[in-house]
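>>> build me a model from this:
(one chain, ligands or ions: 1)
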Amino acid sequence: MVVPDEIPNLVDGKAVPAASGHSLEKLRPADETLLCRVARSGTEDVGAAVAAARAAQPAWADRTAVERGDIVRELALRLREGREEASEIVASETGKPIELALSETDAAVEMGLFVAGEGRRSYGRTTTASMPHRTVLTLRQPLGVAALIMSFNTPLPNVAWKAFPAIFCGNTAVVKPSEHTPASTWLFGELAREAGVPDGVLNIVHGLGPEAGAPLVEHPDVDLVSFTGSAATGRWINETAGRRLAKVCLELGGKNALVACDDADLDAAVRWALASAFSNAGQRCASASRLVVFDDVYDVFRERLLAGVGDLDPQPVISRESLDRIAGAVRRASEAGATVLCGGERLDRRGWYFAPTVVESAAAEAEISRTELFGPVTTLYRVRDLEHAIALVNDSSYGLTAAIHTASVHRAMRFAERVQAGVVVVNAGTHGSEPHMGFGGVKDSGTGWREAGVEALDVYSDLKVVNLVSDPVQA
Ligand code: NAD
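Predicted coordinates for the structure are as follows:
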């Protein structure tokens, strides 16, 4: 399946251009050549997609959970059949290596298979009651129309994490993918049609955030907004959809720290630091943008880290704007007194490549210590001991993931208990999740919901309590 020259929207099972007839250019990050044009949607397109979703929802919710799970499985299997092709699309629209794109496609498939299995579980609860002849149980109910808005960084898992559980739970969906990664979501929509997802159940509206995303958030007929992206956009979404008391699930940024203690296996800690900071060009919500190292091993850690950076194969960032934003932040860090140990500038080649960058001696309150750059930049910090490390890690507005490298169970547990994060990793990287593990953060990293795992069912459904009185005469 080749990416079409013009990527259309998907509304009520039909491929349609934007009502305005306008489109956006999508360039390849690796060489800045044109990949395709994309529907530049607005309020009218959003209205049509929400109407289609609303109309399709009751019949979809009437299907049994097993039937909906079977359709989700069929879609996941089609994605698995076409994994090479899907991954090539992801690689060309993001510039990431094909091996990474393949692993992301596989992760998206696994999410579909995990959710499909819920068709034959989807457990509720039964409980007792204080009154006789009464049984109390819970039923999972869909919410209605779900707006699913997402970032570009891992485009297929991003759509899979939301679309699979959203439609499985009996909602219908309007997806607004990132304007930087329209092609993989277009493919997802095509596979959904082939897999038998009924018309109107999964709609896709492409375009820019303020033009296509904002009207979706503001639409009065949208019952749930599930968003993955920056804290700034998430805050606006929470305020806007919150005003009409719509349910809002936010998965936002991170300023994730990896701590290397003086009893750590330093080679392993450096290896994980490199992977955590620089894979996907640092464009991961769980990216280790802060490396917190005990004084006693700091110099050795730094030396090995810099040697490792020299061996990396750089990957482009998603856009010219990202490149300029990252370069500006590193320049300002240097002007504010931090030391750029390596990188710090655009690579001298075609494409949006920023050299993997390590900074040190930045103040804790400096912009580079506080702001998520979403690029291949990490900052080293020197600490005295564990308590100092925990205080520094927690001195952030974000709280998504955190990692510690230590041989001590005591230090590992103390860190796990005290660090402000949704995910803690001992002796590995600051990384994301697997389909059966809930993922999300605290503070500015989210609003407390967890994506993936059975926890995702709580985002996309409501638990209704049913009181069954078996003997009305006696009761
Ligand atoms: P972004 O906030 O700029 O955009 C995300 C999505 O929101 C895009 O589809 C965009 O078009 C849309 N959007 C922008 N403005 C909007 C508006 N006013 N109304 C509605 N939609 C709007 O973020 P980004 O640059 O695409 O992604 C990077 C951010 O995403 C980082 O902060 C990263 O940490 C975060 N992220 C979080 C997770 C997680 O699970 N916590 C996963 C991946 C990425």
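>>> can we go C-alpha only for contacts and neighbour counts from here?
OK.
>>> enumerate the residues of the stretch 201-350 of the chain near the ligand.
208-210, 213-214, 228-231, 233, 251-254, 284-285 (CA under 6 Å from any ligand atom).
>>> low-confidence ranges in this structure?
Within the chain, the stretches with pLDDT under 70 are 1, 432, 475.
>>> which residue of it sits farthest from its center?
Distance from the C-alpha centroid of the chain peaks at residue 473, with 53.3 Å (CA atoms, centre = their mean).
>>> does it sit in a helix, a strand or a coil?
Per DSSP: H, G, I helix; E, B strand; the rest coil, the secondary structure class of residue 473 is coil.
>>> so which of the residues of the stretch 201-350 of the chain next to the ligand is the most crowded?
Tallying neighbours with other CA atoms under 10 Å puts residue 254 at the head of those, with 33 neighbours.
>>> within range of the ligand, give me the residues from the stretch 51-200 of the chain.
Counting by CA under 6 Å from any ligand atom, the residues of the stretch 51-200 of the chain that sit close to the ligand are 149, 150, 151, 152, 176, 177, 178, 179.
>>> these two touch, right, residue 28 and residue 36?
No - using CA atoms under 8 Å, residue 28 is not in contact with residue 36, being 9.1 Å away.
>>> so between these two, which is more surrounded?
Neighbours per residue (other CA under 10 Å) separate residue 28 from residue 36, with residue 28 holding more: 23 against 19.
>>> distance of the more buried one from residue 121?
As defined by CA to CA, to the nearest Å, residue 28 lies at a distance of 42 Å from residue 121.
>>> with residue 105 instead?
Taking CA to CA as the measure, residue 105 and residue 121 are separated by 25 Å.
>>> quick check on these two: which one has the bigger neighbour count.
Remark: of residue 105 and residue 121, residue 105 carries more neighbours, 28 against 11, as counted by other CA under 10 Å.
>>> contacts only, for the more buried one.
By CA atoms under 8 Å, 6 or more residues apart in numbering, the contact set of residue 105 is 79, 80, 83, 86, 87, 156, 157.
>>> point me to the residue of the stretch 1-150 of the chain nearest the ligand.
Scanning the stretch 1-150 of the chain for the residue nearest the ligand gives residue 150, at 4.5 Å (criterion: CA to the nearest ligand atom).
>>> leaving out the residues flanking it, which one is nearest to that residue?
Excluding its sequence neighbours, the residue lying closest to residue 150 (CA to CA, 6 or more residues apart in numbering) is residue 228, at 4.7 Å.
>>> show me what the one you found is bridged to.
residue 251 (DSSP bridges).
>>> what's the answer for residue 467, then?
The partner residues for residue 467, given DSSP bridges, come to residue 136.
>>> so which elements touch the helix or strand hosting residue 291?
Using DSSP states H and E, residue 291 maps to strand 288-294. With contacts taken as 3 or more CA pairs under 8 Å, 6 or more residues apart in numbering; DSSP states H and E, strand 288-294 sits against strand 256-260, helix 266-278, strand 377-383, helix 386-394.
>>> at 6 Å what do you get?
Here strand 288-294 touches strand 256-260, helix 266-278, strand 377-383, going by 3 or more CA pairs under 6 Å, 6 or more residues apart in numbering; DSSP states H and E.
>>> show me what the longest one is packed up against.
Yep, that's helix 266-278 we're talking about. strand 288-294.
>>> right, and the helix or strand after the strand it packs on?
Using DSSP H and E, the helix or strand that follows strand 288-294 in sequence is helix 295-310.
>>> following that following helix, which helix or strand comes up?
helix 320-335.
>>> hey, C-alpha coordinates of whichever helix or strand comes after that next one in PDB?
Proceeding N to C from helix 320-335, the next assigned helix or strand is strand 339-342, under DSSP H and E. In PDB, the C-alpha atoms belonging to strand 339-342 read as follows (Å, rounded to 0.1, in the frame of the first residue of the first chain):
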ATOM      1  CA  THR A 339      28.900  23.700  29.500                       C
ATOM      2  CA  VAL A 340      28.100  21.900  26.300                       C
ATOM      3  CA  LEU A 341      30.300  18.800  26.400                       C
ATOM      4  CA  CYS A 342      29.400  17.500  22.900                       C
END
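>>> circling back to that earlier point, got a winner among the contacts of residue 105 for most neighbours?
Highest neighbour count within the contacts of residue 105, by other CA under 10 Å: residue 156, with 27 neighbours.
>>> what strand or helix carries that residue?
Applying DSSP H and E, one finds residue 156 within helix 155-168.
>>> looking at the helices and strands packed on strand 288-294, which is buried most?
Stretch with highest mean neighbour count among those: strand 256-260 (a mean of 32; mean count of other CA atoms under 10 Å).
>>> and the angle from that one to strand 288-294?
Angle of strand 256-260 versus strand 288-294, following axes from the mean of the first three to the mean of the last three CA atoms, to 10 degrees, is 30 degrees.
>>> roughly how far is strand 256-260 from the heart of the chain?
20 Å (CA atoms, centre = their mean, to the nearest Å).
>>> for that strand, which strands pair with it and how are they oriented?
Take DSSP bridges as the rule and strand 256-260 pairs in its sheet with strand 288-294 (parallel), strand 401-405 (parallel).
>>> can you list contacts of the longest one?
This points to strand 288-294. Applying CA atoms under 6 Å, 6 or more residues apart in numbering, the contact partners of strand 288-294 are 255-262, 276-277, 378-384, 430.
>>> try the last one
For strand 401-405, the surrounding residues in contact (CA under 6 Å, 6+ apart) are 256-261, 264, 286, 421-427, 430.
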